[in-house]
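Enquirer: using only what follows, build the 3D model:
(chains A and B)
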2 protein chains.
Amino acid sequence: MYSCPNLCDSLIVSVRSSYCGVGWRSSSLFTPLNFAISNGPASSQKQSPKFISAHASASSSDPLLVKAARGEPVNRPPAWMMRQAGRYMAVYRKLAEKYPSFRERSETTDLIVQISLQPWEAFRPDGVIIFSDILTPLPAFGVPFDIEDVRGPVIQSPIRSEEDLKALHPIDLEKLQFVGDSLKILRKEVGEQAAVLGFVGAPWTIATYIVEGGTTRTYLIHGGGQLPPHMWEMWSKPYIDEIVRTVKQKCPQTPLVLYINGNGGFLERMKGTGVDVIGLDWTVDMADGRKRLGSDISIQGNVDPACLFSPLPAITDEIKRVISSAGTKGHILNLGHGVLVGTPEDAVAHFFDVARSFDYDSRVENHAAGEPNLVA
Amino acid sequence: MYSCPNLCDSLIVSVRSSYCGVGWRSSSLFTPLNFAISNGPASSQKQSPKFISAHASASSSDPLLVKAARGEPVNRPPAWMMRQAGRYMAVYRKLAEKYPSFRERSETTDLIVQISLQPWEAFRPDGVIIFSDILTPLPAFGVPFDIEDVRGPVIQSPIRSEEDLKALHPIDLEKLQFVGDSLKILRKEVGEQAAVLGFVGAPWTIATYIVEGGTTRTYLIHGGGQLPPHMWEMWSKPYIDEIVRTVKQKCPQTPLVLYINGNGGFLERMKGTGVDVIGLDWTVDMADGRKRLGSDISIQGNVDPACLFSPLPAITDEIKRVISSAGTKGHILNLGHGVLVGTPEDAVAHFFDVARSFDYDSRVENHAAGEPNLVA
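Expert: Numbering: from 1, shown residues only, chains lettered A, B, ... in the order given. Got it, this is the predicted structure:
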């Protein structure tokens, strides 16, 4: 059906051209499997594969997020938020009034850059993720779609028969030029102050959308719901493995993040893909997640997105709890899922303020005074 | 806010009157926590607490499901399905045409019994669960509601302020008489051939509905979404613990099942409530669940509900896989969530046929020949 290698190529080309990183993110309402490749090191912004693979030259000037993704020493956890650009921001809503088509906003370089930078300008996160959608690559291999405000994504001609498969063709990367262009510009804009993240849906998740044709709840539950672990190992993991293998070969410096929504039964399997970072949703306790995953992999997460509706001091407490549970090595602070529509912007600002003001060293002193959770 | 002891009282009274067991089930779209008490043993159908607690007299004639719930030897896994009565059945849809009000169907003894017995008559499951809803007790403590076909549950006056709390009052059990009456009739109807199960939402889940006022997606995500584990321990577990403690004291023979949707990060905590059976959803591999929970507790689950849309031989394979992974001790075969609307009835019939024809002994022979997963 949907050919994974095509998707890989598109990603790898992106990585090759050093748009500072490319990533995957996949999330259907019920089965989300989610990938993100944070930016490669600043030193990998040239096109020589040799240079990219030069380990020694990679570390000192790299953004904090990249270091944490690799498990290198950092003095605080870097922070960004899934879905940090979008409807909860007034500047975005204003822009969306002017450009009411989601596809226009997510497929026009100027708009992508502008939207991606909105949270950067407002909150200075440690990672800037490209404004995009997991469905964005679809038209480039023969599946047109639209995103309607109320209904969400709508695929006019879902692929449900062998006959339908004929509509698919190898991915035409020229049709996705705006992705690479935007990443390049973002890389320049944020310099070494932040990581630039790309993302893409995992093949299985994209396939569920293509077959289901949208977010009809019935379809999602019946045909595209979250896979049981043994089915995930059969239908999803091999293609993720292939993506990881290929990216690691071509761009060994580029850290990869894998996120699955509802991942409490999947952690160990996720680690088996070889990614650098596992994104925890908010239903897994961070201390449990660290224990189950061990200290030889980085963890991203996992503040409950609903927490951002709390008073600011409660948000502070929750962030500190998560940071303490994650340990000082290899933790990227994030939400356990995307920012919710309606989230107060001052709560988001506060989230990043707290992360920025955190200092592992002072906490390590606390640890010495009896906080056994702090260091994993 | 919502007073847990009131709910407990209602349940305990039900158990006291030996409606063959009462249960809890709680499930909001995103945070479901789910409880089910299977029926007490046949021998506990009298009102003497002493008799109820008489272990020796409890076992031989008990339904298979009760034995498995207690971890007693059985020759095959008993089977039932969450939401086994309902819209996927043609007889139910026909009855719903005649009685279009959900509240009428779920609050009229004759209709409750008739609907609860529809799957019993069609498929002969090992457990017959009362047709009810987690919102059913609400009007009895001052919160009227309705269930609309499209919108789902609608609570006309959600409880969102201290002022609103005045509407709540201690539960008036007479208003729930139909629950006890129905359970009594069901007990007589199925005799010792099957367990009778009751259910009830956990206090936290019921509270989310009362505050949110319905299944508005926004509200559910923001305020009533699935709790992170540390919040669950604070806001949900203590009240479940209290229910378990009280029921165990009054009716020590009555097995309790706890189900949480999205429970991959909760298994060990669920075990800590002291229930007899943990319900696994389909996102946790059964072998992992058994390993994490140990062999001193029973497990219910966890065939993917979407599996019932597969060809019958694939359903057979999946059932066998789950049974083999669960081990021969303490497994109640069930879906990992409720039966989906649209599920073919012949697939449901097949599910029960396969369960009924299973024989641990013959499988144990296979095990001896090299199936290490079979015995936990």
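
Enquirer: nearest spatial neighbour of residue A:281, chain-adjacent residues omitted?
Expert: residue A:336 (4.3 Å; Cβ to Cβ, 6 or more residues apart in numbering or on different chains). For glycine as for every other residue, the C-beta is placed from the backbone atoms N, C-alpha and C.

Enquirer: ditto for residue A:70
Expert: residue A:255 (5.8 Å).

Enquirer: quick one: the strands in the stretch 101-250 of chain A, in order.
Expert: A:127-129, A:146-148, A:152-154, A:195-201 (DSSP state E, counting those that start in this stretch).

Enquirer: give the buried residues for the first one.
Expert: The reference is to strand A:127-129. Residues of strand A:127-129 classed as buried: A:127, A:128, A:129 (neighbour count, 16 or more other Cβ atoms under 10 Å in any protein chain shown).

Enquirer: any idea of the pLDDT on residue A:247?
Expert: Looking at residue A:247, its pLDDT is 92.

Enquirer: isn't it right next to residue A:254, touching?
Expert: Yes - assessed by Cβ atoms under 8 Å, residue A:247 is found in contact with residue A:254 at 6.3 Å.

Enquirer: now the residue nearest to residue A:70: how far from residue A:332?
Expert: 9 Å (Cβ to Cβ, to the nearest Å).

Enquirer: can you list the buried residues in stretch A:106-116?
Expert: A:106, A:107, A:108, A:109, A:111, A:112, A:113, A:114, A:115, A:116.

Enquirer: what about the nearest residue to residue A:107 once chain neighbours are set aside, how many residues nearby?
Expert: Leaving out its chain neighbours, the residue that sits closest to residue A:107 by Cβ to Cβ, 6+ apart is residue A:178, at 5.5 Å. Other residues within reach of residue A:178, judged by other Cβ atoms under 10 Å in any protein chain shown, total 19.

Enquirer: contacts only, for residue A:178.
Expert: A:107, A:108, A:109, A:112 (Cβ atoms under 8 Å, 6 or more residues apart in numbering or on different chains).

Enquirer: ok, now residue A:90?
Expert: By Cβ under 8 Å, 6+ apart, the neighbours of residue A:90 are residue A:345.

Enquirer: doesn't residue A:159 make contact with residue A:209?
Expert: No - counting by Cβ under 8 Å, residue A:209 does not reach residue A:159; the two are 9.9 Å apart.

Enquirer: and these two? Which one has more around it.
Expert: Between residue A:209 and residue A:159, counted using other Cβ under 10 Å, residue A:209 has the larger neighbour count: 27 against 22.

Enquirer: could you check how far that one is from residue A:163?
Expert: Taking Cβ to Cβ, one finds residue A:209 at 19 Å from residue A:163.

Enquirer: likewise for residue A:73?
Expert: 56 Å.

Enquirer: could you do residue A:148 as well?
Expert: Counting by Cβ to Cβ - residue A:148 and residue A:163 are separated by 26 Å.

Enquirer: please apply the same query to residue A:274.
Expert: Counting by Cβ to Cβ - residue A:274 and residue A:163 are separated by 37 Å.

Enquirer: tell me, how many residues neighbour the residue of chain A found nearest chain B?
Expert: As assessed by Cβ to the nearest Cβ, chain B sits closest to residue A:264 within chain A, at 2.3 Å. Neighbour count for residue A:264, taken as other Cβ under 10 Å: 24.

Enquirer: so what's it up against?
Expert: Taking Cβ under 8 Å, 6+ apart, one finds A:281, A:283, A:284, B:262, B:263, B:264, B:265, B:266, B:283, B:284 in contact with residue A:264.

Enquirer: may I see the ChimeraX selection of the buried members of the residues you listed?
Expert: Listed next is the ChimeraX selection for buried residues among the contacts of residue A:264, using 16+ other Cβ under 10 Å:
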select /A:281,283,284 /B:262,263,264,265,266,283,284
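
Enquirer: lowest-confidence entry in the contacts of residue A:264?
Expert: residue B:262 (88).

Enquirer: so that residue is in contact with residue B:226, correct?
Expert: Yes - between residue B:262 and residue B:226 there is a contact under Cβ under 8 Å: 5.4 Å.

Enquirer: how about low-confidence regions in chain A?
Expert: A:1-59, A:215-223, A:225, A:363-376 (pLDDT under 70).

Enquirer: and it, which of its residues are near chain B?
Expert: A:218, A:221-223, A:225-226, A:228-231, A:262-266, A:282-285, A:288-289, A:302, A:304-306, A:309, A:321, A:336, A:340-342 (Cβ under 8 Å from any Cβ of the partner chain).

Enquirer: quick revisit: to residue B:203, which of the strands of the stretch 101-250 of chain A lies closest?
Expert: strand A:152-154 (33.1 Å; Cβ to Cβ).

Enquirer: on the three-state scheme, residue A:278 is what?
Expert: Here residue A:278 is strand, with the state taken from DSSP: H, G, I helix; E, B strand; the rest coil.

Enquirer: which residues sit in contact with it?
Expert: Contacts of residue A:278 by Cβ under 8 Å, 6+ apart are A:257-259, A:263, A:267, A:270-271, A:289, A:293, A:297-300.

Enquirer: now with 7 Å, please.
Expert: A:258, A:267, A:270, A:271, A:293, A:297, A:299, A:300 (Cβ atoms under 7 Å, 6 or more residues apart in numbering or on different chains).

Enquirer: what values do phi and psi take at the first one?
Expert: Per-residue torsions, residue A:258: phi -120, psi 130 (degrees, to the nearest 10).

Enquirer: I'd assumed residue A:271 was in contact with it.
Expert: No - at 8.8 Å, residue A:258 does not count as touching residue A:271 under the criterion of Cβ atoms under 7 Å.

Enquirer: okay, those two: which has more neighbours?
Expert: residue A:258 (29 against 16).

Enquirer: could you check how far the more buried one is from residue A:327?
Expert: 19 Å.

Enquirer: cool, residue A:286 as well?
Expert: For residue A:286, the distance to residue A:327 - Cβ to Cβ - is 9 Å.

Enquirer: who's more crowded, these two?
Expert: residue A:286 (27 against 20).

Enquirer: put the buried members of the contacts of residue A:278 into a ChimeraX selection.
Expert: Provided next is the ChimeraX selection string for whichever of the contacts of residue A:278 are buried by 16+ other Cβ under 10 Å:
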select /A:258,267,270,271,293,297,299,300
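
Enquirer: was I right about residue A:139 contacting residue A:174?
Expert: No - with contact defined as Cβ under 7 Å, residue A:139 does not reach residue A:174; the gap is 11.7 Å.

Enquirer: show me where the stretch 251-376 of chain A has its helices.
Expert: Along the stretch 251-376 of chain A, counting by DSSP state H, counting those that start in this stretch, helices occupy A:267-271, A:286-293, A:312-326, A:345-357, A:360-368.

Enquirer: let me have those helices in JSON lines, adding distance to residue B:89 as columns.
Expert: Shown next, in JSON lines, are the helices of the stretch 251-376 of chain A (distance: least, Cβ to Cβ, whole Å):
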{"stretch": "helix A:267-271", "distance to residue B:89": "36"}
{"stretch": "helix A:286-293", "distance to residue B:89": "40"}
{"stretch": "helix A:312-326", "distance to residue B:89": "45"}
{"stretch": "helix A:345-357", "distance to residue B:89": "46"}
{"stretch": "helix A:360-368", "distance to residue B:89": "57"}
